[in-house]
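1. After the sequence you'll find the predicted model.
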Amino acid sequence: MKKSSLIITLILLLTAGVFSANAQSKYADSKNINSLIEKKRAYNKHNGTGYRIQLYYGQEGRARSLRNRFQVEYPGIYTKLTYEEPNWKIQVGNYKTRLHADRALNEIREKFSGAIVVPM
C-alpha cells in the first residue's frame, strides 16, 4: 500500500514538473519579452547603472585639489566633479558591479582614506 501511494505521488510530481517546464518554454521566445529586454538595455546605456567611488563631499577648493591629486596618481580613470548645493563632490570610475567597485576601492583607499562606493 505504501509503495503504490509513493509511486503515484512520484508520477504526479514528475507530470507536474514536465507541464511546468513546458509552460515556461513558450514564454522564453516571446517578442514582447525580447523587446522589453532591449528597451531596458537602451535605458541602462543612456542613464547609466553601476557604481562609482566618491572621494570627497565638501568645499570647492579642497574638492578641486583632491581631484587634481587623484588624476596625477591614477591617470586614465574617469573623474567627475559636481556641485550639489552647498557642497562639491568628486566621484571616480565607472564600475558595472559592486564587486569591481570594492576591489578598486581597496586600492584607492591607500591614498584617499575617506573614499566610499556609491551607486550612479
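-> That came through fine.
2. Can you give me the first-to-last residue distance of stretch 41-57?
-> 31 Å (C-alpha to C-alpha, to the nearest Å).
3. Give me the buried positions along it.
-> Using 16 or more other C-beta atoms under 10 Å as the test for burial, stretch 41-57 gives Tyr51, Arg52, Ile53, Gln54, Leu55, Tyr56, Tyr57. Heads up, the C-betas are built off the backbone N, CA and C, glycines and all.
4. Now do that stretch: distance to the chain's middle.
-> Centroid separation for stretch 41-57 versus its chain: 9 Å, with C-alpha atoms, centre = their mean, to the nearest Å.
5. ok but Leu81 is inside a strand, no?
-> Yes. Read with DSSP: H, G, I helix; E, B strand; the rest coil, Leu81 is one of the residues of a strand.
6. what's it in contact with, if anything?
-> Taking C-beta atoms under 8 Å, 6 or more residues apart in numbering, we find Leu81 in contact with Ala63, Arg64, Arg67, Trp88, Lys89, Ile90.
7. Is it possible to get TSV of those residues that adds secondary structure, neighbour count and distance to Ser5?
-> Output for the contacts of Leu81, formatted as TSV (DSSP: H, G, I helix; E, B strand; the rest coil; neighbours: other C-beta atoms under 10 Å; distance: C-beta to C-beta, whole Å):
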residue	secondary structure	neighbour count	distance to Ser5
Ala63	helix	20	73
Arg64	helix	14	77
Arg67	helix	19	73
Trp88	strand	20	72
Lys89	strand	17	67
Ile90	strand	23	68
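8. what two of those are the furthest from one another?
-> Arg64 and Lys89 (11.7 Å; C-beta to C-beta).
9. now Tyr51: how far from Arg64?
-> Relative to Arg64, Tyr51 is positioned 23 Å away (C-beta to C-beta, to the nearest Å).
10. Now do the strands in this structure.
-> 51-58, 79-84, 87-95, 116-119 (DSSP state E).
11. Now these in JSON lines, please, with extra columns for mean pLDDT.
-> Shown next, in JSON lines, are those (pLDDT from 0 to 100):
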{"stretch": "strand 51-58", "mean pLDDT": "94"}
{"stretch": "strand 79-84", "mean pLDDT": "92"}
{"stretch": "strand 87-95", "mean pLDDT": "93"}
{"stretch": "strand 116-119", "mean pLDDT": "93"}
